[in-house]
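**Student:** predicted model follows, preceded by the sequence.
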Amino acid sequence: MATKDVVRVAEVTKDFDLGKIVVHVLKGINLEIQTGHYISIMGPSGSGKSTLFNMIGGLDKPTSGKVFIDEVDIAQLDAYELAWLRCRKIGYIFQTFNLIPVMTALENVTLPMTFAGIPNDTANEKGMDLLNLVGLDGRHAHKPSELSGGQQQRVAVARALANDPAIILADEPTGNLDLNTGEDIITLLKKLSKERKVTVISATHDYKMLNVSDKVVWIRDGRIDKIQNRDELNIQTGGVEKTTG
Amino acid sequence: MKRLAKLPLKISLSIALKNISVRFFRSMITTLSLVLAVAFLAFTLVSNDVAQSLFAVGDINITGKLSTLGYDISPGAESISASAKQRWIVVLSLLVCVVGIVNAQIMSVSERFREIGTMKCLGALDGLVVKIFIIEAGIQGMTGSLFGSLLGMISALLMGMLRFGMLSISSISWVAVLNSMATGILIGTMLSLLGALYPAYMAARMQPVDAMRVEQ
């Protein structure tokens, strides 16, 4: 194989114990994701895609099975190693943007660099570059409440890139945005993934995502339904659009 | 896999300061109960200082007046101590104040669930989150107790002047007053920190994924 697996999920199951009943959310998932790819995880709500997504991001631990990031089993990591992973290796983008409301756009972008121990001046300089990169020049002093949804998500994208992560995890990044703004964010993510060789993994049910994805993983009822490559996709999206429109 | 280094205290301090200054009005209200409780404590302590120094003057009239004001003066005693009733009221007011602080801090943590979760996703260690909340509580506690004990001291002195005239000021031992104020500040700050311990622990123990799940 020319490209190595940046993420490998092996036989992962996840149960949620709700006291009286146990819900089996993931029922054995196997998945390999190669470096530099743009992956979409698709599935109806309740299918377990968010859960799978949280496992990949090291935000949640599987009931059984293993998740490897760069061939390291993340269940074996201690708190400091896990924090390092979240800080340096993974960039998160959330559906609800999750910017820190009391901080300006620039401070939000530099926060992960501060956590990584990068000196202030360097962090500020890089933060400004990143804000320019996502098209927010001159907005660095604005608080999240003074920015539109699309602009907030751009700040979040810049923040996700702060420590040059290998992986960007985007959980429904367009879920709270209108059509055009959502498309802008998708284009931005695709561009960054291409230019910076970042692996983008996004959980979504936004069909606009399909056009830019290298691979789409369909989740249904806690299992992988099918994995499609890009060439199979275009036909599929055409079909989807016809039936919905 | 590499490990993330602990951050210097300076960073938690700057984040905590930012949080306080942005939520200034909010933190003022949180601090207000502490201000009042410490003011009451300092008022009682300084009032006792005033009574003590007046008693030391040894005038029969003044001693009689102190007695009618409710100070326990046993015959032949050398000094006045705070009455048991007084002590109980102070302890109760401080107790109520701690409950108020815990309540306000838990509110402030649950209000910021998502913020804390996001910071953890970005690589914040549990220790950093604890430090931020403890520092915030410490700053609030210190400023609150400072204002509280100033307020208590001033009102106690004014009260003394009203009852006994300038004699209460001229005879007073300022060392004792400063001592009482320092006690007030110390106790207030300690209580504020104590009240923040559990909420800070709660914030630090929270899993980032739980924080993300909270609907806001």
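**Tutor:** Alright, I've got the coordinates. Numbers count the residues shown, from 1 in each chain, chains lettered A, B, ... in the order given.

**Student:** contacts and neighbour counts: CA atoms only from here.
**Tutor:** Noted.

**Student:** so how many other residues sit close to the residue lying closest to residue B:169 once chain neighbours are set aside?
**Tutor:** In space, and not counting its chain neighbours, residue B:169 is closest to residue B:161: 6.9 Å by CA to CA, 6 or more residues apart in numbering or on different chains. A count of nearby residues for residue B:161, using other CA atoms under 10 Å in any protein chain shown, gives 15.

**Student:** please report how far residue B:161 lies from chain A.
**Tutor:** Note on residue B:161: its distance to chain A, by CA to the nearest CA, to the nearest Å, is 47 Å.

**Student:** right, and that residue touches residue B:168 too?
**Tutor:** Yes - the criterion here is CA atoms under 8 Å, and residue B:161 meets it with residue B:168 at 5.9 Å.

**Student:** so what sits against both of the two?
**Tutor:** Counting by CA atoms under 8 Å, 6 or more residues apart in numbering or on different chains, residue B:161 and residue B:168 have no common neighbour.

**Student:** quick one, what contacts residue B:39?
**Tutor:** B:145, B:147, B:148, B:149, B:150, B:151, B:152, B:153, B:184.

**Student:** which outside residues touch the helix or strand where residue A:83 lies?
**Tutor:** Secondary structure from DSSP states H and E places residue A:83 in helix A:79-84. Residues from elsewhere that reach helix A:79-84 (CA under 8 Å, 6+ apart): A:58, A:74, A:116, B:1-5, B:120-125.

**Student:** about what we covered before: next up, the contacts around the residue nearest to residue B:169.
**Tutor:** Shown in contact with residue B:161 (CA under 8 Å, 6+ apart): B:167, B:168, B:169.

**Student:** buried residues in the helix or strand where residue B:25 lies, which are they?
**Tutor:** Per DSSP H and E: residue B:25 is located in helix B:24-57. Buried residues in helix B:24-57, counted by 16 or more other CA atoms under 10 Å in any protein chain shown: B:27-28, B:30-55.

**Student:** repeat that for stretch A:26-36.
**Tutor:** Buried, per 16+ other CA under 10 Å, within stretch A:26-36: A:26, A:27, A:28, A:29, A:33, A:34, A:35, A:36.

**Student:** kindly report the same for stretch A:62-81.
**Tutor:** A:62, A:65, A:66, A:67, A:68, A:69, A:70, A:74, A:75, A:77, A:80, A:81.

**Student:** alpha carbons of stretch A:58-76, in CSV - could you do that?
**Tutor:** Output in CSV follows, covering the C-alpha atoms of stretch A:58-76 (Å, rounded to 0.1, in the frame of the first residue of the first chain):
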residue,chain,number,x,y,z
GLY,A,58,-10.6,9.7,21.2
LEU,A,59,-13.5,11.4,22.9
ASP,A,60,-15.1,8.1,23.9
LYS,A,61,-13.8,4.6,24.6
PRO,A,62,-15.2,1.6,22.8
THR,A,63,-16.8,-1.2,24.8
SER,A,64,-14.7,-3.7,22.8
GLY,A,65,-12.4,-3.6,19.9
LYS,A,66,-9.6,-1.1,19.2
VAL,A,67,-9.1,2.3,17.6
PHE,A,68,-5.6,3.0,16.3
ILE,A,69,-4.4,6.4,15.3
ASP,A,70,-1.0,6.2,13.6
GLU,A,71,-0.9,2.6,14.6
VAL,A,72,-1.2,3.5,18.3
ASP,A,73,-4.0,2.0,20.3
ILE,A,74,-5.6,5.0,21.9
ALA,A,75,-7.1,3.0,24.7
GLN,A,76,-3.6,2.6,26.0
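
**Student:** and that stretch, is it in reach of chain B?
**Tutor:** Yes - using CA under 8 Å from any CA of the partner chain, stretch A:58-76 reaches chain B at A:59, A:60, A:72.

**Student:** of the buried residues of stretch A:62-81, closest to residue A:9?
**Tutor:** The closest of those to residue A:9 turns out to be residue A:67 (CA to CA; 4.6 Å).

**Student:** how much space between the closest one and chain B?
**Tutor:** Residue A:67 is 14 Å from chain B, by CA to the nearest CA.

**Student:** same check, this time on residue A:114
**Tutor:** Counting by CA to the nearest CA, the gap from residue A:114 to chain B is 8 Å.

**Student:** need phi/psi at that residue.
**Tutor:** Here is the backbone geometry of residue A:114 (degrees, to the nearest 10): phi -60, psi -40.

**Student:** can you name the next helix or strand after the helix ranked longest in chain B?
**Tutor:** In chain B, assigned by DSSP state H, the helix with the most residues is helix B:126-164. Downstream of helix B:126-164, the first helix or strand assigned by DSSP H and E is helix B:167-170.

**Student:** if you average the pLDDT over that next one, what comes out?
**Tutor:** The average pLDDT for helix B:167-170 rounds to 84.

**Student:** got the contact list for that helix?
**Tutor:** B:50, B:51, B:53, B:54, B:157, B:160, B:161.

**Student:** between the residues you listed, which sits nearest chain A?
**Tutor:** Each of the contacts of helix B:167-170 was checked against chain A using CA to the nearest CA; the closest is residue B:157, at 41.5 Å.
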